[in-house]
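> with the input below, show me the fold.
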Amino acid sequence: MRVSLLQGGLFVSINRSFLHKILDYEDEFFAALMLILEGHSLRTTNALFVESLYGLRRKSVRLRLSKGSSTEVQRSGLEKRRRVLSVVFLVVLPYFKLKLHGIYNKEGEVRLWESLWRSEDQGFDEANFFTGEETIVSRRDNGNHELSV
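Here you go, the predicted structure:
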């Protein structure tokens, strides 16, 4: 890290190679930050980060039905298992969905590229690009539907 002074103020410039490494793994970096933020928020406030901004809290509710018409309600904080599941559904699954979607799009681009340019073995002269000859396919109207070239 380099420190330099600009017009009386302190300016800190970060080595660009460090930023490039972070940008190469931006999805993983973002997922790790979200994991830390949401995990900490669930441990301290029993709410996700956004939920805590609105003053919402998550509570576990257990209902017990008795033989009479009354029901008992027990409320408690979130169990560790539910906190972990909340973070998994909020951070981990969307990360995997993003990665799988990226792989799917790459495969689609490769297939599209291959379909546009056909096989790599076929050259331009084999595809009649330079000979000037055109292949014309027409149907005869005599009902036999024979193809003539």
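
> the helix ranked longest in the chain packs against which elements?
When the chain is parsed with DSSP state H, its longest helix is helix 93-117. Contacts defined by 3 or more CB pairs under 8 Å, 6 or more residues apart in numbering; DSSP states H and E place helix 93-117 against helix 26-45. All C-beta spots, glycine's among them, are computed from the backbone N, C-alpha and C.

> got a list of contacts for the longest helix of the chain?
27-28, 31 (CB atoms under 8 Å, 6 or more residues apart in numbering).

> now list the buried members of those.
residue 31 (16 or more other CB atoms under 10 Å).

> rewinding a little: give me the buried positions along the longest helix of the chain.
For helix 93-117, the neighbour count (16+ other CB under 10 Å) marks residue 95 as buried.

> give me the nearest residue to residue 77, chain neighbours excluded.
Closest residue to residue 77 apart from its sequence neighbours, by CB to CB, 6 or more residues apart in numbering: residue 46 at 5.2 Å.
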